[in-house]
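**Q** how would this look folded up:
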Amino acid sequence: MLIYMVLSLQQNRGAFDGEIERYNDVEIVEQARTNWTAMRSADLMLLTRLQSGATTSLQQDQNSVAQVDELLKQVDTEVAKLEALPLDANKKAIVGDLRANYEEYAKVWGDFKTGSSVADPAAALQASAPFSEWEEQNGFLFADNVRTLLDSFNADSAQATKARAASSQLTMIVAVVIIVVSIILVVLLIRALVTPLKRSAAALSEGMNKFAGGDFTVSVPRRSNDEVGDMSEDFNEAVSRLRGGIAATAEASNQVVSVAVTIGQGSRGAVEATQQGADFINSGAAAAEEVSRSVQTVAAGAEEMSASIKEIATNANAAAEVAKEAYDVAARTNETVAKLGESSKEVGEVIETITAVAEQTNLLALNATIEAARAGEAGRGFAVVASEVKDLAAETGKATEEVAVKVEQIQTDTQEAIAAIEQISGIIASINDYQTTIAAAVEEQTATTNEMSRSVSEAADGSRTIAENVADIARQTNEMAEAFTQIDNEMGTLSGQSRDLVSQLNELKY
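**A** Next comes the predicted model:
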């Protein structure tokens with residue numbers, strides 16, 4: 001019956017789908033009839049206006065002509081849709097008649113549109129006569145065929161509705177019968193399952209009550225082969241394992257009590273030893289801190305000494321620069337004095353030339369005096385001039401000798417100055433060498449001091465690290481002592497709890 005009901009439901013669904021398809025088909029037919037009616041109304045209005053003289057040509061009503069053409073296209077489309085439907089033979093014949101009506105109308109409308117679009121009113125009116133005659137004789141055929149097709153669709157719908165109603169009624173009866181039979185079967189099945197389930201559940205409940213009362217020797221008999229029976233077996237297995245676990249727990253608790261007492265005694269001894277170690281470590285930490293402070297003081301002194309040596313090196317370098325500049329000045333002065341000696345030599349040579357000229361002049365004056373004396377009275381004036389020239393030559397020679405003496409003195413002084421400047425240059429060079437040696441020594445001392453300062457700083461850092469590590473060890477040792485104290489307390493608590501647990505387990509039945 002269930003299969004029949006399913007098939008009936010599928011049949012009703014198919015009938016419903018068919019009804020929807022018929023509704024869509026009818027909608028196409030109705031649309032075709034509506035468009036056909038609107039088209040005939042438009043062309044009859046054109047025909048009436050033409051025959052009444054309101055218009056003399058269809059060219060004057062192009063909008064109405066276009067409307068008829070558009071409606072004619074829509075009718076063609078809808079007839080084509082009907083032709084594509086999977087209809088029976090009767091309906092296909094009716095659709096064929098609709099296509100024939102459409103073709104005839106399209107032809108006479110085309111002739112009417114062509115003949116009545118001329119400018120001659122008489123010719124236009126004459127061309128409208130065949131179209132008017134066709135409208136009177138055949139214009140209603142399309143609407144009649146549409147009505148016949150709709151009647152056929154409606155008849156199919158009525159028949160399908162009647163068949164669907166009968167099928168639905170039968171399906172309802174079958175469904176009621178199936179529901180009643182299902183209820184009876186469910187009641188019988190529940191009775192068959194619940195009765196043994198109640199017995200098994202009662203036995204399991206009794207066993208659980210005993211278990212809750214502290215009886216771990218309880219065992220529930222298996223009364224059924226269902227899930228409750230499996231639960232009984234699982235309960236018995238769990239109680240058995242728990243019974244063994246309680247026994248093991250009691251034995252382990254006794255051992256825990258013994259171990260806790262032993263650990264507590266050991267913890268107290270460890271606390272005392274740890275506290276003594278902490279005291280020693282604290283003393284070491286204080287000493288390490290003192291060493292760290294001393295090393296830091298030495299490091300500070302080394303840094304100050306390094307700064308002083310750096311300042312000495314700077315001053316030595318500056319003195320070396322000054323000595324170098326003095327050496328350069330002395331060298332330039334020596335060159336200048338040497339040039340002065342060369343110039344004095346040149347002056348001596350000029351003086352020798354002047355002396356030679358003075359001697360020649362004196363000799364010429366003497367000859368002139370002799371010649372003037374020979375001339376007698378006529379040469380007296382010339383003799384006077386010659387005498388003056390002679391005197392002037394004598395003075396020139398005397399002055400030249402004095403200048404030569406001065407030049408020789410200048411040359412002597414110049415040589416002494418050159419020697420003194422060379423001696424000064426040697427002294428300055430020695431000073432420069434000493435300054436260079438001092439600078440190198442200061443540099444080496446600076447490097448040594450820096451290395452010493454770095455080593456002392458590293459030692460300070462190391463001693464500081466040692467002090468910090470010792471402090472950390474002291475702190476950790478104190479924490480270890482506290483931990484041992486806490487362990488002692490926890491072991492005492494654990495020992496008490498274990499004794500209580502053993503007492504409670506001894507009260508159980510297992």
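
**Q** from here on, just use CA atoms for contacts and neighbour counts.
**A** Noted.

**Q** show me how far the helix or strand hosting Ile487 is from its chain's centre.
**A** When elements are assigned from DSSP states H and E, Ile487 belongs to helix 380-507. Chain-centre distance of helix 380-507: 54 Å, with C-alpha atoms, centre = their mean, to the nearest Å.

**Q** elements contacting it?
**A** Counting contacts by 3 or more C-alpha pairs under 8 Å, 6 or more residues apart in numbering; DSSP states H and E, helix 380-507 is packed against helix 227-375.

**Q** can you tell me the average pLDDT over the helix holding Ile487?
**A** Taken as a whole, helix 380-507 has a mean pLDDT of 76.

**Q** one more: stretch 286-301?
**A** On average, stretch 286-301 scores 71.

**Q** and if you look at stretch 65-77?
**A** Rounded mean pLDDT across stretch 65-77 is 94.

**Q** quick check: buried residues in stretch 32-44?
**A** Of all the residues in stretch 32-44, those buried under the rule 16 or more other C-alpha atoms under 10 Å are 32-33, 35-40, 42-43.

**Q** now swap in stretch 47-63 and tell me
**A** Quick answer for stretch 47-63 (16+ other C-alpha under 10 Å): 47, 49-51, 55-59.

**Q** do stretch 135-152 as well
**A** 135, 139, 142-143, 145-147, 149-150.

**Q** widest-spaced pair of those?
**A** For those, with distances taken as C-alpha to C-alpha, the pair at the greatest spread is Glu135 and Leu150 (22.7 Å).

**Q** which ones are touching the residue lying closest to Leu50 once chain neighbours are set aside?
**A** Nearest in space to Leu50, with sequence neighbours left out and distances taken as C-alpha to C-alpha, 6 or more residues apart in numbering, is Thr56 at 5.9 Å. Residues in contact with Thr56, defined by C-alpha atoms under 8 Å, 6 or more residues apart in numbering, are 50, 119-121, 124-125.

**Q** circling back: now, the most widely separated pair of the buried residues of stretch 47-63?
**A** Greatest spatial distance among the buried residues of stretch 47-63 (C-alpha to C-alpha): Gln51 and Gln59, at 14.6 Å.

**Q** does Thr217 belong to a helix, a strand or coil?
**A** coil (DSSP: H, G, I helix; E, B strand; the rest coil).

**Q** ok, it touching Lys509?
**A** Yes - with contact defined as C-alpha atoms under 8 Å, Thr217 and Lys509 form a contacting pair (6.9 Å).

**Q** give me every residue that touches Asp391.
**A** For Asp391, the contact set (C-alpha under 8 Å, 6+ apart) comprises Asn362.

**Q** make CSV out of the buried residues of stretch 135-152 and add secondary structure, distance to Gly376 and pLDDT.
**A** As requested, these are exported to CSV (DSSP: H, G, I helix; E, B strand; the rest coil; distance: C-alpha to C-alpha, whole Å; pLDDT from 0 to 100):
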residue, secondary structure, distance to Gly376, pLDDT
Glu135, helix, 190, 88
Gly139, coil, 190, 83
Phe142, helix, 190, 93
Ala143, helix, 190, 91
Asn145, helix, 193, 93
Val146, helix, 190, 93
Arg147, helix, 193, 94
Leu149, helix, 192, 93
Leu150, helix, 192, 93
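
**Q** need those in CSV (columns: distance to Trp109).
**A** Output for those, formatted as CSV (distance: C-alpha to C-alpha, whole Å):
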residue, distance to Trp109
Glu135, 10
Gly139, 11
Phe142, 15
Ala143, 17
Asn145, 20
Val146, 20
Arg147, 23
Leu149, 25
Leu150, 26
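
**Q** looking at those residues, spot the one nearest Asn101.
**A** Of those, the one sitting nearest to Asn101 (C-alpha to C-alpha) turns out to be Phe142, at 5.8 Å.

**Q** and Ser57, its phi and psi?
**A** phi -160, psi 150 (degrees, to the nearest 10).

**Q** apart from its neighbours in sequence, what residue is nearest it?
**A** Leaving aside its sequence neighbours, Ser57 sits nearest to Ser117 (C-alpha to C-alpha, 6+ apart; 5.1 Å).

**Q** ok, and for stretch 202-218, which residues are buried?
**A** By neighbour count with 16+ other C-alpha under 10 Å, stretch 202-218 contains the buried residues 203-204, 207-208, 211, 215-216, 218.

**Q** swap that for stretch 77-92, sorry
**A** Counting neighbours by 16+ other C-alpha under 10 Å, one finds that the buried residues in stretch 77-92 are 78-79, 82-83, 91-92.

**Q** quick one: contacts for Asn362?
**A** Going by C-alpha under 8 Å, 6+ apart, Asn362 touches 389-391, 393-394.

**Q** switch the cut-off to 10 Å
**A** By C-alpha atoms under 10 Å, 6 or more residues apart in numbering, Asn362 lies in contact with 356, 368, 386-387, 389-394, 396-397.

**Q** with Ser232 instead?
**A** Contacts for Ser232 (C-alpha under 10 Å, 6+ apart) come out as 200-201, 203-205, 207-208, 219-224, 238.
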